[in-house]
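> Provide a 3D model corresponding to the input given below.
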Amino acid sequence: MVASKIWDWPHRGLAKVNKSVYICFILAVVMLAASPMRADDSEVRKTPEVRKTTVRVDPRTGKFVRTTVIVHPPVPAASIAELVEKTSRAHDVDPLLVDSVIRVESNYDASAVSPKGAQGLMQLMPPTARMLGVNDSFDPAENLEAGVKYLKYLQTLYKDDRLALAAYNAGPGAVDRFKQVPPYPETQKYVEQVSQKYVAARKANSQKPPAPAAAVATTPAPVPPEPIVHQETHPKLEQFVDADGRLHLRTSQ
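As a prediction, the model looks like this:
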């Protein structure tokens, strides 16, 4: 019996130690969860992503295709207008033409998705976006950079804005095949809509009063110094009569 108690003593002691370690571990976890560092981590978590799901019909297979995209927070119109101006100038494209394309393509909805799957402000098709190195077609800056660059390429290729617009809508292959705006109702309507908006925008821009010229600071012409007149001064003459009655002249200082 004594031997049994002696044999059980280390096991009982070890059990007590393990229980104490376990309790300490639980308390440490609770304290860590409630620590200020954990509170700070929760405050800097990113806002959950907002996703948008669209369903369209694949024109090749006739099957429904579900697409889920990340919806970016809205960008102020002034910021997008500034992006349009900056990006267009960088690629030597008239900002008014780019503005007209965007109005017809998406009406400035950066999260727009067409029934055919075109995305973003300038409605880039996913293959075109990948070809142009776009990571996120719903990012206004990326979308504009790629769309304007592509439009400039088409302008250079066809040397005709109407053909460039037709190629932007229907693809260069269709324009090359017909050697003119393809006889597709959608493409012909698209070219007319963009052209009308572009003509109206240019007309409105030409009627704007010119900006007042900035006042140019002028430095008054220096006034020439008055000429210095050197006057000759002559000593005064004095006359006197000496003791012999003779008249003498002398100068005074």
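> Show me what the host helix or strand of residue 166 is packed against.
Using DSSP states H and E, residue 166 sits in helix 161-170. Helices and strands touching helix 161-170, by 3 or more CB pairs under 8 Å, 6 or more residues apart in numbering; DSSP states H and E, are helix 95-105, helix 140-158, helix 172-178, helix 185-206. Heads up, the C-betas are built off the backbone N, CA and C, glycines and all.
> The second one vs helix 161-170, what angle?
Following axes from the mean of the first three to the mean of the last three CA atoms, to 10 degrees, one obtains 130 degrees for the angle between helix 140-158 and helix 161-170.
> how much does helix 140-158 deviate in direction from helix 95-105?
110 degrees.
> Give me the contact list for helix 140-158.
72, 75, 79-80, 83-84, 87-88, 90-93, 97-98, 101, 110, 119-122, 124, 128-129, 132-137, 161, 163-165, 167-168, 172, 175 (CB atoms under 8 Å, 6 or more residues apart in numbering).
> From those residues, list just the buried residues.
The neighbour-count criterion (16 or more other CB atoms under 10 Å) marks 80, 83-84, 87-88, 91, 93, 97-98, 101, 110, 119-122, 124, 128-129, 132, 134, 137, 161, 163-165, 167-168, 172, 175 among the contacts of helix 140-158 as buried.
> can you pull the contacts of the nearest residue to residue 187 once chain neighbours are set aside?
Distance criterion CB to CB, 6 or more residues apart in numbering; nearest residue to residue 187, sequence neighbours excluded, is residue 170 at 4.4 Å. For residue 170, the contacting residues are 182, 184, 186-187, by CB under 8 Å, 6+ apart.
> One more: residue 133?
Contacts of residue 133 by CB under 8 Å, 6+ apart are residue 146.
> related to what we said a few turns ago, tell me the mean pLDDT over the helix holding residue 166?
Averaging pLDDT along helix 161-170 gives 97.
> Likewise for stretch 83-100?
Computed over stretch 83-100, the mean pLDDT rounds to 97.
> next one: stretch 201-212
84.
> could you dump it to CSV, C-alpha only?
This file holds the C-alpha atoms of stretch 201-212, laid out as CSV (Å, rounded to 0.1, in the frame of the first residue of the first chain):
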residue,chain,number,x,y,z
ALA,A,201,-19.5,68.9,-77.7
ARG,A,202,-17.1,70.7,-80.1
LYS,A,203,-19.7,73.2,-81.0
ALA,A,204,-20.5,74.0,-77.4
ASN,A,205,-16.8,74.2,-76.6
SER,A,206,-16.2,76.7,-79.5
GLN,A,207,-18.9,79.0,-78.2
LYS,A,208,-17.4,79.3,-74.8
PRO,A,209,-16.1,82.8,-74.1
PRO,A,210,-12.4,82.9,-74.1
ALA,A,211,-10.8,82.9,-70.7
PRO,A,212,-9.6,86.4,-69.7
